[in-house]
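[1] Pasted the sequence and its predicted model underneath.
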Protein chains: 2
Amino acid sequence: MNITARILALFALLLCLPALVDTAKATSPKGKDTPSFAQILSESKGSEWRRPDPDNLLVMRLAAGRLVMELAPDYAPLHVANIRTLVRERYFDGLAIVRVQDDFVAQWDDPEGDDGGDKRKMRSLGSAKATLPPEFTRPIAASLPWVRLPDGDVYAPEVGFSDDFPAARDPAANETWLIHCYGTLAISRDNPPDSGNGSGLYVAIGQPPRRLDRNLTIVGRVLEGMDQLSALPRGHGPLGFYADPEHRAPILDIRVAADLPRMQQPNIEILRTNSPTFQRLLDASRNRHDAFYATPPGKVDICAVSAPVRDVSPP
Amino acid sequence: MNITARILALFALLLCLPALVDTAKATSPKGKDTPSFAQILSESKGSEWRRPDPDNLLVMRLAAGRLVMELAPDYAPLHVANIRTLVRERYFDGLAIVRVQDDFVAQWDDPEGDDGGDKRKMRSLGSAKATLPPEFTRPIAASLPWVRLPDGDVYAPEVGFSDDFPAARDPAANETWLIHCYGTLAISRDNPPDSGNGSGLYVAIGQPPRRLDRNLTIVGRVLEGMDQLSALPRGHGPLGFYADPEHRAPILDIRVAADLPRMQQPNIEILRTNSPTFQRLLDASRNRHDAFYATPPGKVDICAVSAPVRDVSPP
């Protein structure tokens, strides 16, 4: 690769198992230390990374910066198609983040559809569908990749990665589903299971809200820009909605990356979770031992290490 | 109780298993629905709540508001004593939150001791100790209460609550320790295990950083005001330190509640984790079934439900 591979600052930070030190100087013999995530990633091969399909990338612009999200059409084909339609018909442009509930979610939708809004003023969904069958789980299938994480899980019989998203399986029920970790993107809805259509979306910004698994349709995850959501002021209305509309964070626009001029498309790659390098990252997390860490955790939770993302823009 | 018991907004939100709905109207038969956390708490008895010892409460004032933290002297007696000394000698007043790393921690200390600071200008620790033996784990003892959570855990042989803090045990090793969940308060340090003294503290603001368990000394948890930390702008220097000192969030002061005038002391109570009401909350989380939730999670993670806190101030 003769392009400069710069690991995205956010994910480098997320992944470096950072030491809580002021001055991180290793004092034990260097050869015996668990390598850092940055070190492991620097030794990866180009073929271990994939460039996400730009038709599966959403780019959302807020006043403070950009978010990039990857969609999961293998798990939520109907919802992903509906979101693409909404985006392409400019449904979200000028809407806002309407809800930020601490340790839970940031959510955006048409505020006129929320409590206190005027439903008569709601935006038209255009040619998008108003109701969709829920896509909470799918049958296990050979077409759905599976990289099992053997460390166990409190909530599901099996956990692992599918299309590099955190996921779970129940072989006895022949079901698989994406799960809620930090950065998971999913569909908000009303009580009826088919009332979600993608016009309202949320991202998990705190501890993994795993109790939501199999009750909501997960459509992807945030690859870049999480702190555009996680550092927003919390809402103090019911459920963390902003009581004062002035506090909402406006969405300038959302685009499918494939529809952007080439120069504006995210130039990123994702480390394949079935790669030797990703397995090395998991092992380094389980068995970390260095000048700072004396007691390795032994295990790694499915939400604790996500597939790294790197910027491969020319310098 | 003839005082008005008002559940703190923050913890009510944290605990209500909030529905991701615009208009949360239950449509299924009311009697069959899992009761909400608010409903369960409203049926609690006064004796199920305890008033924390004001000598174990820290009150930190930031420009935006107040944080209240409960210390855990049963688990970190030496560090708790040193923190009380530092607080009583006004060590922290005028210092700042120096680091906010997304999905990880917010940390405060003397910036002159951090990279880029001038160590010659560091504040004196006064009569506090500069080094302390690490208090990463303790022997299991009858004097340490234990409310086991039977749902299992990825990282520890047993998890549960002790003094109403989330905790773990390894009976084979005869060890117990407090664990890292959202809101956990702990001691930052350099590489030597005895280099923490309480002059640098951090709070977990994202997914539970369980890999830190048994490698750092946990001294308590945040009871009130988490969003004063979690919504701070993220630092973009190495490890999430603020590259620009201007971005730091100044600490007006930290006090031990017992030292404050009675009217300024937090007027709060904590639900005992060995109470029937707390067990009802856990069951409601495991078995939630109502108009919105069709598939209960079946289990509850140790970090997913924390001991509720309520404000018992007179109206």
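    Thanks, I have the structure now.

[2] With A:Ser230 as the reference, measure out to the residue positioned nearest the centre of chain A.
    Centroid-nearest residue in chain A: A:Arg221, 2.1 Å away (criterion: CA atoms, centre = their mean). Between A:Arg221 and A:Ser230 the computed distance is 14 Å (CB to CB, to the nearest Å). No exception for glycine: its C-beta is placed from N, CA and C like everyone else's.

[3] got it, and A:Pro52?
    A:Pro52 is 22 Å from A:Ser230, by CB to CB.

[4] hang on, A:His180 in a helix?
    No: A:His180 is assigned coil when assessed by DSSP: H, G, I helix; E, B strand; the rest coil, not a helix.

[5] which residues sit in contact with it?
    Each residue near A:His180 by CB atoms under 8 Å, 6 or more residues apart in numbering or on different chains is listed here: A:186, A:204, A:208-210, A:212-213, A:218.

[6] closest to A:Gly117 among the residues you listed?
    A:Ala186 (21.4 Å; CB to CB).

[7] that older thread, so the residue nearest to the centre of chain A sits against A:Leu67, correct?
    No: using CB atoms under 8 Å, A:Arg221 makes no contact with A:Leu67, being 11.0 Å away.

[8] just to revisit the earlier point, just put the contacts of A:His180 in a markdown table and tack on distance to A:Ser275.
    Shown next, in a markdown table, are these (distance: CB to CB, whole Å):
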| residue | distance to A:Ser275 |
| --- | --- |
| A:Ala186 | 26 |
| A:Ala204 | 25 |
| A:Pro208 | 24 |
| A:Pro209 | 28 |
| A:Arg210 | 26 |
| A:Leu212 | 29 |
| A:Asp213 | 26 |
| A:Ile218 | 23 |
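
[9] Could you list which of those residues also contact chain B?
    Subset of the contacts of A:His180 in contact with chain B: A:186, A:208, A:210, A:212-213, counting by CB under 8 Å from any CB of the partner chain.

[10] Cross the residues you listed against strands and list the overlap.
    Of the ones next to chain B among the contacts of A:His180, the ones assigned to strands by DSSP state E are A:Ala186.

[11] what residue ranges in chain A are flagged as low confidence?
    A:1-31 (pLDDT under 70).

[12] what does the stretch 201-315 of chain A put close to chain B?
    So the stretch 201-315 of chain A meets chain B at A:202, A:206-208, A:210-216, A:226-227, A:230-234, A:236, A:239-240, A:285, A:288, A:291-295, A:297-301, A:303-304 (CB under 8 Å from any CB).

[13] so what's A:Met60 bridging to?
    A:Leu67, A:Ile254 (DSSP bridges).

[14] Tell me, how many residues neighbour it?
    23 (other CB atoms under 10 Å in any protein chain shown).

[15] same thing with the one 10 residues further on?
    With neighbours defined by other CB under 10 Å, the count for A:Glu70 comes to 25.

[16] from the residues of the stretch 201-315 of chain A next to chain B, which ones fall inside strands?
    Using DSSP E, the subset of these located in strands is A:Tyr202.

[17] Quick check on the residues of the stretch 201-315 of chain A next to chain B: which are buried?
    A:202, A:206-208, A:210-216, A:226-227, A:230-232, A:234, A:236, A:239-240, A:285, A:288, A:291-293, A:297, A:299-301, A:303-304 (16 or more other CB atoms under 10 Å in any protein chain shown).

[18] from these, which ones fall inside helices?
    A:226-227, A:230, A:285 (DSSP state H).

[19] Quick one: distance of stretch A:191-211 to the chain centre.
    Here stretch A:191-211 is found 13 Å from its chain centre; the criterion is CA atoms, centre = their mean, to the nearest Å.

[20] What of stretch A:118-130?
    Centroid displacement of stretch A:118-130 relative to its chain, using CA atoms, centre = their mean, is 26 Å.

[21] again, but for stretch A:72-89
    Relative to the chain's own centre, stretch A:72-89 is displaced by 16 Å; criterion: CA atoms, centre = their mean.

[22] Is that stretch positioned near chain B?
    No: using CB under 8 Å from any CB, stretch A:72-89 never reaches chain B; the gap is at least 14.1 Å.

[23] CA-only coordinates of that stretch, as PDB, when you get a sec.
    Extracted C-alpha coordinates of stretch A:72-89, given in PDB (Å, rounded to 0.1, in the frame of the first residue of the first chain):
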ATOM      1  CA  ALA A  72     -26.300  -3.900   7.700                       C
ATOM      2  CA  PRO A  73     -28.500  -5.000   4.800                       C
ATOM      3  CA  ASP A  74     -27.900  -8.700   5.500                       C
ATOM      4  CA  TYR A  75     -29.800  -8.300   8.800                       C
ATOM      5  CA  ALA A  76     -32.300  -5.600   8.000                       C
ATOM      6  CA  PRO A  77     -32.800  -5.500   4.200                       C
ATOM      7  CA  LEU A  78     -36.200  -3.800   4.300                       C
ATOM      8  CA  HIS A  79     -35.300  -1.200   6.800                       C
ATOM      9  CA  VAL A  80     -32.000  -0.400   5.100                       C
ATOM     10  CA  ALA A  81     -33.800   0.000   1.800                       C
ATOM     11  CA  ASN A  82     -36.400   2.300   3.400                       C
ATOM     12  CA  ILE A  83     -33.600   4.400   5.000                       C
ATOM     13  CA  ARG A  84     -31.900   4.800   1.700                       C
ATOM     14  CA  THR A  85     -35.100   6.000   0.100                       C
ATOM     15  CA  LEU A  86     -35.700   8.500   3.000                       C
ATOM     16  CA  VAL A  87     -32.100   9.700   2.700                       C
ATOM     17  CA  ARG A  88     -32.300  10.000  -1.100                       C
ATOM     18  CA  GLU A  89     -35.500  12.000  -0.900                       C
END
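
[24] residues making contact with that stretch?
    Against stretch A:72-89 from outside (CB under 8 Å, 6+ apart): A:55-56, A:58, A:71, A:92, A:125-129, A:132-133, A:135, A:138, A:143-144, A:162-163, A:165, A:167, A:177-178, A:187, A:196-199, A:201, A:217-221, A:254-256, A:259.

[25] ok so, going back, of all the ones in helices among the buried ones among the residues of the stretch 201-315 of chain A next to chain B, which comes closest to B:Asp110?
    A:Asp227 (25.5 Å).

[26] So that closest one sits against B:Asp102, correct?
    Yes: counting by CB under 8 Å, A:Asp227 does reach B:Asp102; the two are 4.6 Å apart.

[27] Show me what from the stretch 51-200 of chain A comes close to chain B.
    Looking at chain B, the residues of the stretch 51-200 of chain A close enough under CB under 8 Å from any CB are A:100-105, A:107, A:109, A:113-115, A:136, A:151-155, A:181-182, A:186, A:188-191, A:193, A:200.

[28] try 7 Å
    A:101-105, A:113-115, A:151-155, A:182, A:188-191, A:193 (CB under 7 Å from any CB of the partner chain).

[29] from those, which ones fall inside strands?
    Reading strands off those with DSSP E, I get A:101, A:105.

[30] which of the residues of the stretch 51-200 of chain A next to chain B are buried?
    Applying 16+ other CB under 10 Å to those flags A:101-105, A:113-114, A:151-155, A:182, A:188-191, A:193 as buried.
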